[in-house]
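# Next one to model:
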Amino acid sequence: MEDDRGVLKAKGTVWRWNDKRATGVIETTAGDHVWFGLDSLGDRNFGNVAVGDSVEVEYEVAEQDSHNLRAIQVTWL
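Next up is the predicted model:
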């Protein structure tokens, strides 16, 4: 779903997580892969992120590493 700012929102799970780099990938329920980093975690401590966590992600189309979707905000469900 896209809002009037061009921000997309979806539910998904943490698909990949690298705690040394504090970056990861969320797989949305539609199968899209969204890159996320420390700045999109809000109040969540990056030490508490785990593969398989259920999340809701607000994201945008942007080149980030090898991904074309980048998280703006990640909320744990």
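
# Sheet-wise, list the partners of the lowest-mean-pLDDT helix or strand in the chain with their directions.
None of the helices or strands of the chain scores lower by mean pLDDT, DSSP states H and E than strand 54-64, at a mean of 91. Paired neighbours of strand 54-64 in the sheet (DSSP bridges): strand 8-18 (antiparallel), strand 67-76 (antiparallel).

# And the pLDDT for Arg5?
Arg5 carries a pLDDT value of 65.

# To Phe46, which of the strands paired with strand 54-64 lies closest?
Nearest of the strands paired with strand 54-64 to Phe46, taken as CB to CB: strand 8-18 at 8.7 Å. No exception for glycine: its C-beta is placed from N, CA and C like everyone else's.

# mind showing which ranges of the chain have poor pLDDT?
Residue ranges of the chain with pLDDT under 70: 1-5.

# 90 - rerun?
1-6, 42-47, 62-67 (pLDDT under 90).

# ok, the nearest residue to Thr23 once chain neighbours are set aside - how many residues close by?
Distance criterion CB to CB, 6 or more residues apart in numbering; nearest residue to Thr23, sequence neighbours excluded, is Gly37 at 4.7 Å. As a burial measure, Gly37 scores 16 neighbours (other CB atoms under 10 Å).

# Quickly note the distance from Gly37 to Ala22.
6 Å (CB to CB, to the nearest Å).

# Equivalent analysis for Thr13, please.
Taking CB to CB, one finds Thr13 at 18 Å from Ala22.

# and what of Leu77?
21 Å.

# So for these two, which sits in the more crowded spot?
Set Leu77 next to Ala22 and count neighbours by other CB under 10 Å: Ala22 wins out with 15 against 9.
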